[in-house]
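Engineer: Any chance you can model this:
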Amino acid sequence: MSSLRRRTESTTNILDDNDTNIWTNRQKKIRGYLQKSFIVNTILLVALVVLLIFKVGLYEKDKKTLKDNEVSFGTTNSNNGVCIPCDSLGSTVKANDTLFDSISRTEDGRKICCYKDQEYMQKMISRMMDPMITKPALDIDYVIERKMKWWSTRQHSIHMYLDLNSLTGTNLAWTYKYDHLGTAHRNDVTYNEKNHSIEIVETNIYFVYSAITFDFGDVTTVGLYRHKIKQWLKLLPKTERQPLLRSRFGGSSETRRVYTSFLCGTFKLDSGLVVQSEISPEAIKHVKKSKYANYFGLFKI
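Structural biologist: Purely as a prediction, here's the structure:
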C-alpha cells in the first residue's frame with residue numbers, strides 16, 4: 001500500500017509540475033504580448049505627436065503665407081469696385097487686353113485688376129434671380145445689354161438658355177431668343193431646332209460648356225442620373241454619338257436637394273461636327289424651372 005501511495009503521490013507531483021509549467025509558459029506569452037502591445041502603442045503615440053506637431057507647423061506656415069499674400073487696396077483706382085490680384089497676367093498686359101476696367105498697382109507694388117461698375121453686376125445678378133424675368137425692365141435691361149455687348153458679338157459663339165416651353169425628352173431644348181439681358185446669342189454657328197444641337201461651321205479650338213440645375217424637392221432618395229455633352233458628324237447621322245464630357249450624380253438619400261451639374265472643356269472641333277447636351281430621361285422632371293439656371297454654349301478660342 002505504501003508503495004502504491006508513493007507512486008500516486010509521484011504521479012500527482014508530475015501533473016502539478018506540468019500544470020505549473022503550462023501556466024508559466026502562458027504567463028510568459030501574455031507578458032510578451034503585453035510588452036509588444038506596449039511598444040506598438042508607444043510608437044503610435046509618438047507618431048501621432050509628430051503628426052500633430054507637423055500639422056500645427058503647416059497651419060502656422062499657411063497663416064504666414066496668407067498674411068504675406070494679403071493685398072493692400074490703397075489705390076484710387078480700386079475704390080467702389082471689385083478688384084483681384086493679377087500679377088500672373090504678366091507685366092505687358094493692359095486693361096484693353098482683358099475684361100477689366102483698369103489695371104493698377106497697390107502700395108506694395110503688386111498688380112490688381114479692377115471691375116469698377118459693381119452696381120451693374122449686382123443688377124445683372126438680381127435680374128437673373130428675378131422670377132418675373134419674363135417681363136422686361138427696360139431701364140435696367142438696356143444698361144445690362146449694352147455692357148454685355150462684348151459677350152454677344154463674339155465670332156463663332158453661341159450661348160443659349162433652356163426653353164422651358166419645350167422641356168420634354170432627353171435632348172434638352174434650348175433657345176437664344178427672348179433674352180431681355182442680351183446674353184443669349186448665336187454667331188457663325190448653326191442651331192438645329194429639331195434635335196436641339198449645335199453645328200460647327202469652322203474648324204477651330206472651342207470652349208464647350210453646359211450647366212443643368214436640378215431641384216429634387218422632397219424626394220427621399222435621388223436616383224443615379226447622367227449629364228453628357230456628345231458629338232457626331234452631321235454627314236453620318238447614324239454613327240454612334242461620342243461623349244465629349246459626362247458626369248453622374250445622385251444615387252443617395254444624402255444627395256443635395258438643389259444640385260447643378262456643370263460640364264466644360266476645350267476641344268478641337270471640325271467643321272460639320274454636331275454637339276448636343278443630354279441628361280437622363282428620368283431627370284427631366286427634376287430640372288429647375290428657372291430661365292438662367294440652365295444654359296448650353298460654346299465659343300471659339
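Engineer: in stretch 172-184, what's buried?
Structural biologist: Within stretch 172-184, the residues that count as buried by 16 or more other C-beta atoms under 10 Å are 172, 173, 174, 175, 176, 179, 180, 181, 182, 183, 184. All C-beta atoms are positioned from the backbone trio N, CA, C, and that covers glycine.
Engineer: Need the max-distance pair from the residues you listed.
Structural biologist: Greatest spatial distance among the buried residues of stretch 172-184 (C-beta to C-beta): 172 and 182, at 22.1 Å.
Engineer: re the thing from before, now, which of the buried residues of stretch 172-184 sits nearest residue 51?
Structural biologist: Among the buried residues of stretch 172-184, and counting by C-beta to C-beta, the member closest to residue 51 is residue 172, at 48.8 Å.
Engineer: Not counting sequence-adjacent ones, nearest residue to that closest one?
Structural biologist: residue 277 (5.8 Å; C-beta to C-beta, 6 or more residues apart in numbering).
Engineer: what about that neighbour, distance to residue 181?
Structural biologist: According to C-beta to C-beta, to the nearest Å, residue 277 stands 21 Å off from residue 181.
Engineer: what do you get for residue 300?
Structural biologist: For residue 300 relative to residue 181 (C-beta to C-beta), the value is 22 Å.
Engineer: Domain boundaries for this protein, per the record?
Structural biologist: 1-70, 76-116, 136-300 (automatic domain parsing).
Engineer: Of all those domains, which one comes closest to residue 123?
Structural biologist: Nearest to residue 123, of those and by C-beta to C-beta, is domain 136-300 at 5.5 Å.
Engineer: which residues does the one residue sitting closest to the centre of the chain bridge with?
Structural biologist: Against the mean C-alpha coordinate of the chain, by C-alpha atoms, centre = their mean, the closest residue is residue 262 at 7.4 Å. Counting by DSSP bridges, residue 262 forms beta bridges with residue 211.
Engineer: Was I right to think it contacts residue 209?
Structural biologist: Yes: using C-beta atoms under 8 Å, residue 262 is in contact with residue 209, at 7.4 Å.
Engineer: Quick check: residue 116 touching residue 102?
Structural biologist: Yes: the criterion here is C-beta under 8 Å, and residue 116 meets it with residue 102 at 6.8 Å.
Engineer: ok, how many other residues are close to residue 260?
Structural biologist: 14 (other C-beta atoms under 10 Å).
Engineer: That one and residue 210 touch, don't they?
Structural biologist: No: with contacts counted by C-beta under 8 Å, residue 260 stays clear of residue 210, the gap being 10.7 Å.
Engineer: Sketch out the low-pLDDT regions of the stretch 201-301 of the chain for me.
Structural biologist: The stretch 201-301 of the chain contains residues with pLDDT under 70 at 253-255.
Engineer: All the strands of it, in order from the start?
Structural biologist: 204-215, 222-233, 242-252, 258-269, 273-279, 295-300 (DSSP state E, counting those that start in this stretch).
Engineer: for the residue nearest to residue 172, what are its contacts?
Structural biologist: 171, 172, 174, 196, 210, 212, 227, 228, 229, 230, 263, 296 (C-beta atoms under 8 Å, 6 or more residues apart in numbering).
Engineer: for the residues you listed, which one is nearest residue 88?
Structural biologist: residue 263 (25.6 Å).
Engineer: ok, for the closest one, nearest residue in space, not its chain neighbours?
Structural biologist: residue 245 (4.1 Å).
Engineer: Return the residues in contact with the one you found.
Structural biologist: By C-beta under 8 Å, 6+ apart, the neighbours of residue 245 are 208, 210, 228, 229, 263, 264, 265.
Engineer: Identify the farthest-apart pair in the residues you listed.
Structural biologist: That would be 228 and 264, which, of those, are the farthest apart (C-beta to C-beta) at 13.0 Å.
Engineer: more crowded one of these two?
Structural biologist: Ranked by neighbour count (other C-beta under 10 Å), residue 228 and residue 264 place residue 228 first, with 20 against 12.
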